[in-house]
Structure formats: C-alpha cells, structure tokens
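A.B. asks: Let's see this in three dimensions:
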Amino acid sequence: MRGKTRRVKIGRGTRAPASAPSPTPTPTHRDDAGLNDAGPSDVPAGAFSGIFQSWVVGVSTIAMVLLFFLARESLESLAIEDGPLENLTALLYGVATVAFLVAVRRRSAGVVWLLILAAASLFVAGEEISWGQRIFGWSTPAGMAEINVQDETTIHNIEGIHGNIRALAVLFVAAFCVLLPLTNRYLSPLRAAYRRLAIPIFPVSALPWVAMAIGFMLVPRLVAEHVGSLDEIGETALGVAFAMFGWVYAVKPRMREAPPSIGSAADPSRFSQAS
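C.D. replies: Residues are numbered from 1 along each chain as shown. As a prediction, the model looks like this:
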C-alpha cells in the first residue's frame, strides 16, 4: 500500500527548518612563518610574506653591490663607526629585545628560550653602540683598552675573541636560523621534538635576510679579504631578520601544550588554545 507523502507549505510568517552549520575547517599546521604550533591566523601577512621579503632583499642587495663598485665612498659613509647602518642595527636588535620580552609575557614559546633570545639581542644592540660609550662620552677603562683592538668598551673586539666571534656567529645563524626552521618544516619527527621542547622557530619568511647577511659577511672573505662596510650591511640585514623573528612571537597566541607521549591517555582539554 502506497503511503501518503505529507507536504509542508512554508507560507508568510513561517520559518524553514535550520540546516546544520558546516564544520569550520581546521587550520593547517604549516604556515609561511614556519611556526611550530600555529595556524594561518597566527602568521603576519602582507609585508611579512616570504615573497615580498625576497623582493626587498633582492633590491637591497643589488643597491648595496652597486654602491660598493660604483660609489664606495658613499657606502663607507653609511658604514662608518656610529654611522647610519650601525645605529640602525642597534635599533633593530633593540626592537627584537622588546619583542622577545613581550613574547615571554604571552608565553608564545618556551620562556627560557625567549629569555635567551632577548638577552642575546640586547647584547648585540649594546655592542653595536659600545654600550653608549660615545653617546655618554666616557673613556674606555684602562684594562679594557689594553686588550680591545678598537680601544672601546666592547666584548666582541677583545683580542683573541675578535678574530673568531664572527665565524661562530655565522655557524650559529646557519644552525638556528636556517637548519632548524627547514627541518621543522619538512621533517615531522624533528618538528614534534621542537614542539615538545617549546623551541621558538625562526620564521621562514625572514630567511632571505639571513641569506643576505651571510652573503655580505662571508663571501668577501672567501674571494678576497675582510671589507668592513660589507660586514655592516650583513649585520644590519641580520638585525632585520631578528626584529621579524621577535615580532612574530610577540603577536603569536599563547603556546598550546605539547601532545602526550605515545601510549599515554590523551585528554582533549589539554589541546585547547590557552586564553
């Protein structure tokens, strides 16, 4: 026996039954900044995109190379002691210091790592301006003057340290700013380890500035000799990279807890975004 189909007429003043809301898509793990626990909403857009940064770095590199070969005196005037490039570098590392301290307050990564990065950025900023020696006009202490190759209040210019510190800095930058973010991006086991350790991951979008820094500081030494003005350009480029690094973590939401180890009971409440 054929059943009767009941038709419901929707007239004026009546409501159609509400349809179930469509599920919100889950943010993907990988992002442009290469953060180890972030979705797309955590990543700065526009001027902080990797493509834009690559263009800026390319144009800046070409401009600096042209200055070096065609107007070296103008480049030297930019790179002199306490000149525009050195002061800009100190300012950029000062911005990075403040940004990492803001990130400590937000708990956007491991606090110990962020404090180390803040202390390192403050150290570089202070060294760039000789800890304010020429700003405030004090003379170099006698003991420091005897061992400092530039007769100033800096640690990186102490005899015996001066010749090796830049090589060590390049190795650190290559490991922390290049190797670590790339392995985080492409190797899942290492990504999980970095997340468990709450290591702040250098943003992939800032890698063009790191490449520019290493190029200006390393290539001249390999093909010719040390050129001070090119060193200053490399240091400024690295300052831009670290200012970006700090800013990304200063605006990143509070870090989620790391997932439980294999075989342990998972509590779903542990993975909610902290408020």
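A.B. asks: any idea how far residue 124 lies from residue 192?
C.D. replies: Applying CB to CB, to the nearest Å, the value for residue 124 to residue 192 is 31 Å. (Glycine included, C-beta is placed from N, CA and C.)
A.B. asks: When these two are compared, which one has more neighbours?
C.D. replies: The neighbour comparison of residue 124 against residue 192 (other CB atoms under 10 Å) goes to residue 124, with 22 against 14.
A.B. asks: Which residues are in contact with the residue nearest the centre of the chain?
C.D. replies: Nearest to the mean C-alpha position of the chain, counting by CA atoms, centre = their mean, stands residue 245 at 1.9 Å. Residues in contact with residue 245, defined by CB atoms under 8 Å, 6 or more residues apart in numbering, are 96, 99, 117, 177, 200, 202, 203, 206.
A.B. asks: got any ranges where the stretch 101-250 of the chain has weak pLDDT?
C.D. replies: Along the stretch 101-250 of the chain, the parts satisfying pLDDT under 70 run over 163, 225-226.
A.B. asks: what are the ranges of the helices in it?
C.D. replies: 111-128, 133-136, 142-147, 162-173, 180-186, 188-196, 207-223, 228-251 (DSSP state H, counting those that start in this stretch).
A.B. asks: what residues does the second one touch?
C.D. replies: Right, the one you point to is helix 133-136. So helix 133-136 is contacted by 82, 129, 140, 152, 153 (CB under 8 Å, 6+ apart).
A.B. asks: and those residues as a markdown table, adding distance to residue 103?
C.D. replies: Converted to a markdown table, the contacts of helix 133-136 look like this (distance: CB to CB, whole Å):
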| residue | distance to residue 103 |
| --- | --- |
| 82 | 30 |
| 129 | 24 |
| 140 | 35 |
| 152 | 31 |
| 153 | 29 |
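A.B. asks: And these, which is closest to residue 227?
C.D. replies: residue 82 (18.8 Å; CB to CB).
A.B. asks: Neighbours of the closest one, how many?
C.D. replies: 13.
A.B. asks: Surely it is in a strand?
C.D. replies: No. Going by DSSP: H, G, I helix; E, B strand; the rest coil, the assignment for residue 82 is coil, not a strand.
A.B. asks: just checking, it touches residue 129?
C.D. replies: Yes. The criterion here is CB atoms under 8 Å, and residue 82 meets it with residue 129 at 7.3 Å.
A.B. asks: then stretch 230-246 to CSV, C-alphas only?
C.D. replies: C-alpha atoms of stretch 230-246 as CSV (Å, rounded to 0.1, in the frame of the first residue of the first chain):
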residue,chain,number,x,y,z
LEU,A,230,80.1,44.9,3.7
ASP,A,231,80.2,43.5,7.2
GLU,A,232,78.0,46.3,8.4
ILE,A,233,75.5,45.6,5.7
GLY,A,234,75.3,42.0,6.7
GLU,A,235,74.9,42.9,10.4
THR,A,236,72.0,45.2,9.5
ALA,A,237,70.3,42.5,7.4
LEU,A,238,70.6,40.1,10.3
GLY,A,239,69.1,42.8,12.6
VAL,A,240,66.1,43.0,10.3
ALA,A,241,65.7,39.2,10.4
PHE,A,242,65.8,39.1,14.2
ALA,A,243,63.4,42.0,14.6
MET,A,244,61.0,40.0,12.4
PHE,A,245,61.6,36.9,14.5
GLY,A,246,60.8,38.7,17.7
